[in-house]
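In: Got a predicted model here, sequence first, then my questions.
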Amino acid sequence: MPLEHHPLAREFPEQRAKMARLIEENAQFTRLAGTYEELDRKIYDVEDGREAMDDLALNSLKLQRVTLKDEIAELLQRST
């Protein structure tokens, strides 16, 4: 199975313009988006074998990414 990144632009393709606006206007969104993208890169590096990590720690990172994605989705839904 090929490895894939899960960037926000891919997770929420219909919300790209809104995300760009929120990154400029909303510090909380900017922080969450940055943390999400950083986690996604780290998870990819571990799965690709470039960084060592045990399965429990990797699963913890994946759960953090899902939680961040849910928070980001909520902010996107609430914004106009």
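Out: Cool, the structure landed.
In: going forward, measure contacts between C-alpha atoms and count neighbours the same way
Out: OK.
In: How about stretch 5-12, which residues are buried there?
Out: Buried residues in stretch 5-12, defined by neighbour count with 16 or more other Cα atoms under 10 Å: 6, 7, 8, 12.
In: For that stretch, measure first residue to last.
Out: When the termini of stretch 5-12 are compared using Cα to Cα, to the nearest Å, they are 13 Å apart.
In: ok so, going back, next step: the buried residues of stretch 5-12 restricted to helices.
Out: Secondary-structure check on these using DSSP state H: residues within helices are residue 8.
In: ok, which pair from the buried residues of stretch 5-12 is furthest apart?
Out: Based on Cα to Cα, the longest span within these runs between 6 and 12 and measures 10.0 Å.
In: returning to that earlier point: and the buried residues of stretch 5-12 as TSV, adding distance to residue 30 and pLDDT?
Out: Compiled in TSV, the buried residues of stretch 5-12 are given as follows (distance: Cα to Cα, whole Å; pLDDT from 0 to 100):
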residue	distance to residue 30	pLDDT
6	17	92
7	14	93
8	12	95
12	15	96
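In: If we only consider the buried residues of stretch 5-12, which is nearest to residue 43?
Out: Using Cα to Cα, residue 6 is the member of these that lies nearest residue 43, at 9.7 Å.
In: so who does the closest one touch?
Out: By Cα atoms under 8 Å, 6 or more residues apart in numbering, the residues touching residue 6 are residue 40.
In: now residue 16
Out: Contact partners of residue 16, counting by Cα under 8 Å, 6+ apart, are residue 9.
In: Now do it against residue 56, distance only.
Out: Going from residue 16 to residue 56 by Cα to Cα gives 32 Å.
In: Could I get the average pLDDT for the biggest helix by length in the chain?
Out: Identified as the longest helix of the chain according to DSSP H is helix 55-78. Computed over helix 55-78, the mean pLDDT rounds to 97.
In: export the buried residues of stretch 5-12 to TSV and tack on distance to residue 23?
Out: Compiled in TSV, the buried residues of stretch 5-12 are given as follows (distance: Cα to Cα, whole Å):
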residue	distance to residue 23
6	18
7	14
8	12
12	14
